[in-house]
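Peer 1: okay, sequence plus prediction incoming.
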Amino acid sequence: MKRKLSLVLASLMAVAACAFTACKDKLGEIVVPEYESDKIVDFVAYAAPTKANWNGSASNAECITDEQYKLLADAGFTRAQALYDGLRVGGGTIEQLSETAQTDALRALACAEKVGIKYYVRDWTFYGFVNSVKEEDYESVINKMFDENNEYVKSSAYAGNFLHDEPNVQQMEKMSKVYDLYKAKVPSGEAFINLLPDYASAEALDTTLQSSYEDYIDRYLELFAKKTGYISYDYYPLNKSQFSGSRIKETYLQNYELVATKAKEWNIEPRIYIQNVADYTGIRDIIGIQDLRFQIYTGMAFGFSSFTYYTYFSTSSNGSIIAKDGTPTYRYYAALNVNNEVHAWEKVYRNFTWQGVMTKLGDEMIENVGFNLLKNPITTHERINSVSVTEDTVIGVLKDGEGRDGFMFVNYSDPYFDKTDKVTVKVNNARAALMYRRGQKMVVPLNKGEYTFKLTPGEGRFIIPLV
């Protein structure tokens, strides 16, 4: 990280939210940090644009094209996960399935290479491998899948293969051997694994019914943390409600806290799948960019740096980010805006490490069960004298490598109800604040450490106090 020293506040008027001329004489010169990082915030498209009529009856348009992958890149997506690609209609042998997977993957990878996107291949045998291959055949099948005839692993856009989605504990035990065999053949790739959320049933977590959700997470970490370097799970918080139209699942923050805490302990990257479309489980459709902001900025308040959209391409009439005829929906433009506003300041964010979260009720007389379920919230912080809010608010606490504090304020009211959060924070030992709002950098003077601002529905604002 580089710092630009002795920068006069008045010189920042072009990017500031207030007039600095009145503050110059009082404040003099301050240090405004400048951040650099090779790390980014990843936005992953699940499912990738796929081939025409992918299963023989879907009648979707041909979308493994340069045009579709340009749409992906323009919207700020950095990776794509295949869901429909690779299917061989009518089934076949493991060899035939892998041949079809390679045919589709090479086409998609050629498109991805042109726009700088990484692509996860789906081989319909490798995905869910432990369910379709006998254990005594693991090594021979992996050796065949990834022998010298496998061309897709050589692509510069190859991210890896999707290994398993939402495994239980027993499947994870078997997958560990598969992962090792894969890495021996493809050292640079990921055999990608995604875990269940905490609202999954006991049967889904562990067929022996002996594991708690934390046990489930711990077993993944014991088996895979040092191998993969990440932990990924899905959680879709915005649900339909017959009474009010929408509700936030109560364990949303609790699940974030557990995974973020474990990821920090193991020094690995936390990743999450977010919702952008309704489905049969009761999650509601997004109403606009506010729903995406809500999920992404809440995740960033917990130190997350990878967000996978469920889903990107639709092969049904319900639509998603890209409809089955290949046209962008309103969800596309919502994703484009929020992804790129995060990319605009991701180098700053990636300099910070997560410390914990604080919460603040908009009305002290109305409890938030989600706040109550947090096990180890930060209740006080030496830099924050006081906070008042008009809506329930999550405050992520982060710190950079030089010990500088950063706070991610998130409007935690359900975006469905279109409520703006008015926040007043009084910061100790700070004459100004460096802020990032919707990708824009601002420096504002503080009046005796106090600053008032508004968070629109779902919005997050990152604030770094300056001495």
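Peer 2: Nice, thanks for sending it over.
Peer 1: quick one: contacts for the residue nearest the centre of the chain?
Peer 2: Residue closest to the mean C-alpha point of the chain, counted by CA atoms, centre = their mean, is residue 307 at 1.8 Å. Going by CB atoms under 8 Å, 6 or more residues apart in numbering, residue 307 touches 41, 42, 43, 44, 271, 272, 273, 274, 295, 296, 299. To be clear about C-beta, it is placed using only N, CA and C from the backbone, and glycine gets the same treatment.
Peer 1: contact partners of stretch 50-61?
Peer 2: Outside stretch 50-61, the residues touching it (CB under 8 Å, 6+ apart) are 62-64, 82-85, 87, 89, 104, 107, 313-316, 324-326.
Peer 1: dump the residue contacts of the nearest residue to residue 126 once chain neighbours are set aside.
Peer 2: Distance criterion CB to CB, 6 or more residues apart in numbering; nearest residue to residue 126, sequence neighbours excluded, is residue 161 at 5.2 Å. Going by CB under 8 Å, 6+ apart, residue 161 touches 120, 121, 122, 123, 126, 127, 182, 189, 190, 191, 192.
Peer 1: neighbour-wise, give me the winner out of those.
Peer 2: Among the contacts of residue 161, residue 121 has the most neighbours (other CB atoms under 10 Å), with 29 neighbours.
Peer 1: show me the beta-bridge partners of that one.
Peer 2: residue 161 (DSSP bridges).
Peer 1: please report how far it lies from residue 307.
Peer 2: As for residue 121, its distance to residue 307 is 21 Å (criterion: CB to CB, to the nearest Å).
Peer 1: give me the number of residues near the residue nearest to residue 259 when sequence neighbours are not counted?
Peer 2: Of all residues not flanking residue 259 in the chain, residue 270 sits nearest, at 5.4 Å (CB to CB, 6+ apart). Number of residues near residue 270 (other CB under 10 Å) recorded here: 23.
Peer 1: helix, strand, or coil at residue 270?
Peer 2: strand (DSSP: H, G, I helix; E, B strand; the rest coil).
Peer 1: returning to what we had before: give me the subset of the contacts of residue 161 lying in strands.
Peer 2: 120, 121, 190, 191, 192 (DSSP state E).
Peer 1: closest to residue 70 out of these?
Peer 2: residue 120 (19.1 Å; CB to CB).
Peer 1: quick check: closest non-adjacent residue to that closest one.
Peer 2: Nearest non-adjacent residue to residue 120 (CB to CB, 6+ apart): residue 81, at 4.4 Å.
Peer 1: beta partners of that neighbour?
Peer 2: Applying DSSP bridges to residue 81 gives these bridge partners: residue 46, residue 120.
Peer 1: ends of stretch 428-447, how far apart?
Peer 2: One end of stretch 428-447 to the other measures 11 Å (CA to CA, to the nearest Å).
Peer 1: how about stretch 118-135?
Peer 2: Span of stretch 118-135 from end to end, CA to CA: 30 Å.
Peer 1: derive a ChimeraX selection command for the buried subset of the contacts of stretch 50-61.
Peer 2: Remark: buried members of the contacts of stretch 50-61, expressed as a ChimeraX selection using 16 or more other CB atoms under 10 Å:
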select :63,64,82,83,84,85,87,104,313,314,315,324,326
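Peer 1: the residue nearest to residue 259 contacts residue 230, correct?
Peer 2: Yes. In this structure, residue 270 is within contact of residue 230 by CB atoms under 8 Å, at 7.3 Å.
Peer 1: dump the residue contacts of residue 155.
Peer 2: Applying CB under 8 Å, 6+ apart to residue 155 gives the contacts 106, 109, 110, 112, 113, 119.
Peer 1: wait, I meant residue 37
Peer 2: Residue 37 touches 1, 346, 347, 348, 350, 351, counting by CB under 8 Å, 6+ apart.
Peer 1: narrow the residues you listed to those that are buried.
Peer 2: Using 16+ other CB under 10 Å as the burial test, these include 346, 347, 348, 350, 351 as buried.
Peer 1: burial count for residue 165?
Peer 2: 18.
Peer 1: check contacts around it.
Peer 2: By CB under 8 Å, 6+ apart, residue 165 lies in contact with 127, 128, 194.
Peer 1: can I assume the second one is in contact with residue 164?
Peer 2: Yes. Between residue 128 and residue 164 there is a contact at 6.0 Å, judged by CB under 8 Å.
Peer 1: going by neighbour count, list what's buried in whatever helix or strand residue 204 lives in.
Peer 2: Assessed by DSSP states H and E, residue 204 sits inside helix 202-205. Within helix 202-205, the residues that count as buried by 16+ other CB under 10 Å are residue 205.
Peer 1: now that helix: mean pLDDT?
Peer 2: In this model, helix 202-205 has an average pLDDT of 94.
Peer 1: and which of the contacts of residue 161 is nearest to residue 363?
Peer 2: residue 192 (42.2 Å).
Peer 1: is it true that that closest one touches residue 160?
Peer 2: Yes. Residue 192 lies in contact with residue 160 (CB under 8 Å); the separation is 5.5 Å.
Peer 1: which neighbours do those two share?
Peer 2: residue 120.
Peer 1: one step back: in strands, which of the contacts of stretch 50-61 fall?
Peer 2: Per DSSP E, the contacts of stretch 50-61 never map to strands.
Peer 1: ok, residue 91 to residue 125 distance?
Peer 2: In terms of CB to CB, residue 91 sits 11 Å off from residue 125.
Peer 1: element containing residue 410?
Peer 2: Using DSSP H and E, residue 410 falls in strand 405-411.
Peer 1: so is the nearest residue to residue 358 once chain neighbours are set aside in a helix, a strand, or just coil?
Peer 2: Leaving aside its sequence neighbours, residue 358 sits nearest to residue 395 (CB to CB, 6+ apart; 4.2 Å). Under three-state DSSP, residue 395 falls in the strand class.
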